[in-house]
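1. give the three-dimensional model of this entry:
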Amino acid sequence: MRTNHRGAWRHTIAASALLLALAGGSHAATITIVNQDGADEGFNDPTPVAPVGGNPGTTIGAQRLYVFNHAAGIWGAILPSNVEIKVNAKFDPQECTTSGAVLGSTSAGSSHRNFANAPFPNTWYQQSLANRLAEFDINPTVNDMNITFNANIGDTPTPTCPFCWYYGVDGNEGACVELLPVVLHELGHGLGFATITLAGVQMGTPPGPHIYDRFLYDLDQDMHWHEMPADGQRGASAVNCQRVVWDGECVTHAAPGRLGPKPVLRVNSPGAIAGDFEVGLPTFGPQGDFNVTGNLVLAMDGSLPPNSPTNACEPLTNGAAIAGNIALLDRGTCPFVV
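-> Here you go, the predicted model:
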């Protein structure tokens, strides 16, 4: 499972009600991070660093492990379970280029169905959730999930990998990628917040619906994912933007208090492209409700081919024309913060 930092929170928050709804009353879960790294790598990297942002670690490895344990504590305090959740975790080199990077990936140790106390028959549950519902470890020879994070991303950017991890837990990541929310996101996948069947391809389990499929509802097809008879229907639904919703009872009840106004881009002229368009907000910089109106001016940074002059990866050369207006730029090869 490839993931990036953007959008992680909405996915995890919306899905978290599934486990809460099915769990019932019990004490907080114990989530244990099992270090899978070898000597001098990943969690065992001995490179000295200063403590940062509430993280007391004095080596890169110690700071990484602190973030993982901190994330495990956050999830554990939320989710009730009598069965310990064991997480195999490690840092390995993964893809990182000037245009993007794989941050992390997660897989469940195993999936199970038709166990004692399963709420739905013939439905697959990822190992940690199945254990919680069954109230014992169904598969004690296998840990509950496997998480791998990108070791090519360091604490400072490089020319070949212009991204960096922020190991603080205070949310002050600056231009780096904050590790904590990405770990929270990946743990969520391992806890069961993920689809197993996508576009007809079985992702590591035998055929059959996953519990997540039962709460994914396509407004246009008027069906949940597990009700769709054709594999292609799920594939089409997966890219049916803004028309696929989560209809679990807890999320439906909590949605009015969680969801804010939907941002919109309104083009007034020229008439050929006038109308309202979907738009996202950045995960950096000032946040909040605001309205901006102005003329659209194409950003120019003076770059020469093969580089793009409209991606704003270099200082703008037409700042005077943009002043007081809205800059339009192309997505380039530099990080979003740049």
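2. going forward, measure contacts between C-alpha atoms and count neighbours the same way
-> Noted.
3. for residue 296, which non-adjacent residue is closest in space?
-> The shortest distance from residue 296 to any non-neighbouring residue, by CA to CA, 6 or more residues apart in numbering, is to residue 326 (4.9 Å).
4. and for the one you found, the neighbour number?
-> When neighbours are counted by other CA atoms under 10 Å, residue 326 registers 16.
5. give me the phi and psi angles of it.
-> Phi and psi for residue 326, reported as degrees, to the nearest 10, are phi -110, psi 130.
6. quick one, grab the pLDDT at it.
-> For residue 326, the model assigns a pLDDT of 91.
7. now for it: which residues touch it?
-> 293-297 (CA atoms under 8 Å, 6 or more residues apart in numbering).
8. give me the distance between it and residue 267.
-> In this view, residue 326 and residue 267 are 12 Å apart by CA to CA, to the nearest Å.
9. narrow the contacts of residue 326 to those in helices?
-> Members of these lying in helices (criterion: DSSP state H): none.
10. list only buried entries from these.
-> Among those, those classed as buried by 16 or more other CA atoms under 10 Å are residue 297.
11. from the contacts of residue 326, which land in strands?
-> 296-297 (DSSP state E).
12. from the contacts of residue 326, which is closest to residue 48?
-> Nearest to residue 48 among the contacts of residue 326, counting by CA to CA, is residue 297 at 46.7 Å.
13. hey, which helix or strand in this protein has the poorest pLDDT?
-> When each helix and strand of the chain is scored by mean pLDDT, DSSP states H and E, helix 8-23 comes last, with a mean of 36.
14. what are the pairing partners of the next helix or strand after it, and which direction each?
-> Per DSSP states H and E, the first helix or strand lying C-terminal to helix 8-23 is strand 31-35. Partners of strand 31-35 in the sheet, by DSSP bridges, are strand 85-92 (parallel).
15. rounded mean pLDDT for the partner strand, please.
-> 98.
16. distance between it and the chain's centre?
-> Relative to its parent chain, strand 85-92 has a centroid offset of 17 Å by CA atoms, centre = their mean, to the nearest Å.
17. cool, and stretch 127-135?
-> Centre-to-centre, stretch 127-135 and its host chain are 23 Å apart (CA atoms, centre = their mean).
18. isn't residue 58 up against residue 49?
-> Yes. When contacts are counted by CA atoms under 8 Å, residue 58 is listed as touching residue 49 (5.1 Å).
19. buried set for the longest helix along the chain?
-> Determined from DSSP H, the single longest helix within the chain is helix 60-78. Across helix 60-78, burial judged by 16+ other CA under 10 Å covers 60-73, 75-76.
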